[in-house]
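Undergrad: Here is my input, please return the structure:
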Amino acid sequence: MSFDITPLADPRPAPSSRRLAWLASGDDGVPLGSAFLRLFTKEGQEHLAELQLAVHGAERRRGVGTRLLEAAVDAARTERRRSVIAQAVQGTPADLFLAARGFRQVLALTYAQLPLADVDRAAIEELLEPPHPGYRLTEWEGTVPDALARSFADSRRAMDDMPMEGTDFGRVVWDVERVVAVAEAVARRGELLHTVAAVDTSDGSVVGFSELVVPGDGSGDGLHYGTAVLPEHRGRGLARWMKAAAVRHALERHPGLAGLRTDTAASNKPMLAVNDSLGYLPTHKAVEYQLDL
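TA: Numbering: from 1, shown residues only. Have a look, this model is predicted:
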């Protein structure tokens, strides 16, 4: 089969990365597949690239995916990247493709959805009623308020020990500029970012957070970006408290939403237990693959 691989340019770099792209097309110009390589640019992740590759179902097993992969890996080497990561739903052609081409499994993920039509609102309110001595909840839309910006950025280290198993993910370094840039990027896409935070009443600092992104038209599914609590404040039920508040927000503000989606490392037993207690139902499992360069 004859086809061409054309490099493309992504004109809009993200706050913490930039992308390279390739299009595979037949002699008649019809697209057959594409590949995107995200090159992380922030301190702590300059060694990492993330691959997204897709080939039209009718064009598979003709070498299109292999050629796209070769182009992306060559670019990663040129960019002096140490690792390329890619995700595939367990048992799909993408799963088999990556495993056969030198990628190794480094992380298992469980995806789940909370169908909002089935939520017991009274049960959610009951979870929110008990006090958590020494803590209070606060919520905001979009960009973090100035008064909380510094401690919110500092609280992002709660993600540093998130179970990543064998993934060469590096360490994400957060500052106020970065948390603001993320909120602005969500807004530019026309989506709505809602954050629930747990605050230490002794000093007013943010010690945990739960982020929810909702489509701009309020339909479809919302997506949890992350829920985390600083290590020194764990074991007090703050994660479930915050996530329950996010569920209540979705029910009250976005009645057209079908559900809320989340993904969790299979080894993160505490967060899986939080999801189960709130009624999230597993939908599928995925595998994070890594190619060591």
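Undergrad: Let me see the ranges of the helices in the stretch 101-250 of the chain.
TA: 121-128, 146-155, 176-188, 238-253 (DSSP state H, counting those that start in this stretch).
Undergrad: could I get these as TSV with mean pLDDT?
TA: Below are those laid out as TSV (pLDDT from 0 to 100):
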stretch	mean pLDDT
helix 121-128	95
helix 146-155	96
helix 176-188	93
helix 238-253	97
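Undergrad: JSON lines please, covering those helices and showing distance to Asp217.
TA: Backbone N, C-alpha and C define where each C-beta goes, glycine included. Below are the helices of the stretch 101-250 of the chain laid out as JSON lines (distance: least, CB to CB, whole Å):
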{"stretch": "helix 121-128", "distance to Asp217": "23"}
{"stretch": "helix 146-155", "distance to Asp217": "28"}
{"stretch": "helix 176-188", "distance to Asp217": "14"}
{"stretch": "helix 238-253", "distance to Asp217": "13"}
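Undergrad: out of these, nearest to Thr6?
TA: Checking the helices of the stretch 101-250 of the chain against Thr6 by CB to CB gives helix 176-188 as the closest, at 26.9 Å.
Undergrad: all strands for the stretch 151-293 of the chain, in order.
TA: Taking DSSP state E, counting those that start in this stretch as the test, the strands found in the stretch 151-293 of the chain are 192-200, 205-214, 221-229, 259-265, 281-292.
Undergrad: Give the pairing partners of the first one; include direction for each.
TA: Yep, that's strand 192-200 we're talking about. strand 135-141 (antiparallel), strand 205-214 (antiparallel) (DSSP bridges).
Undergrad: Of those, flag the one that's most buried.
TA: The highest mean neighbour count among these, using mean count of other CB atoms under 10 Å, belongs to strand 205-214: a mean of 23.
Undergrad: quick one: low-confidence ranges for this protein?
TA: For the chain, the stretches with pLDDT under 70 are 1, 162-165.
Undergrad: Show me the residue at the heart of it, geometrically.
TA: The centroid of the chain falls nearest to Tyr225 when counting by CA atoms, centre = their mean (5.5 Å).
Undergrad: re the thing from before, most tightly surrounded among the helices of the stretch 101-250 of the chain?
TA: Most buried among the helices of the stretch 101-250 of the chain, given mean count of other CB under 10 Å as the contact rule, is helix 238-253, at a mean of 20.
Undergrad: got the contact list for that helix?
TA: Helix 238-253 is contacted from outside by 114, 116, 119, 121, 124-125, 127-128, 132, 135, 137, 139, 194, 196-198, 207-210, 212, 214, 222, 224, 227-229, 257, 260, 270-271, 274-275, 277-278, using CB atoms under 8 Å, 6 or more residues apart in numbering.
Undergrad: so how far is it off the chain centroid?
TA: For helix 238-253, the distance from its own C-alpha centre to the chain's C-alpha centre is 18 Å (CA atoms, centre = their mean, to the nearest Å).
Undergrad: just stretch 204-213 next, same as before
TA: 16 Å.
Undergrad: swap in stretch 223-235?
TA: 14 Å.
Undergrad: So which bits of it are buried?
TA: Residues of stretch 223-235 classed as buried by neighbour count (16 or more other CB atoms under 10 Å): 224-225, 227-230, 233.
Undergrad: gap between the two ends of that stretch?
TA: 25 Å (CA to CA, to the nearest Å).
Undergrad: Equivalent analysis for stretch 268-284, please.
TA: Start-to-end, stretch 268-284 (CA to CA) is 16 Å.
Undergrad: circling back to that earlier point, can you put the strands paired with strand 192-200 in CSV and add distance to Ala183?
TA: What follows is those, written out as CSV (distance: least, CB to CB, whole Å):
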stretch, distance to Ala183
strand 135-141, 9
strand 205-214, 9
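Undergrad: The ones you listed: which one's closest to Ala54?
TA: strand 205-214 (22.7 Å).
Undergrad: quick one: the closest one to chain centroid distance?
TA: Distance, centroid of strand 205-214 to centroid of chain: 14 Å (CA atoms, centre = their mean).
Undergrad: just stretch 280-293 next, same as before
TA: That offset, for stretch 280-293, works out to 12 Å (CA atoms, centre = their mean).
Undergrad: what does stretch 153-163 give?
TA: 14 Å.
Undergrad: what does stretch 194-208 give?
TA: With CA atoms, centre = their mean, you get 22 Å for stretch 194-208.
Undergrad: swap in stretch 251-261?
TA: On CA atoms, centre = their mean, the centre of stretch 251-261 falls 19 Å from that of its chain.
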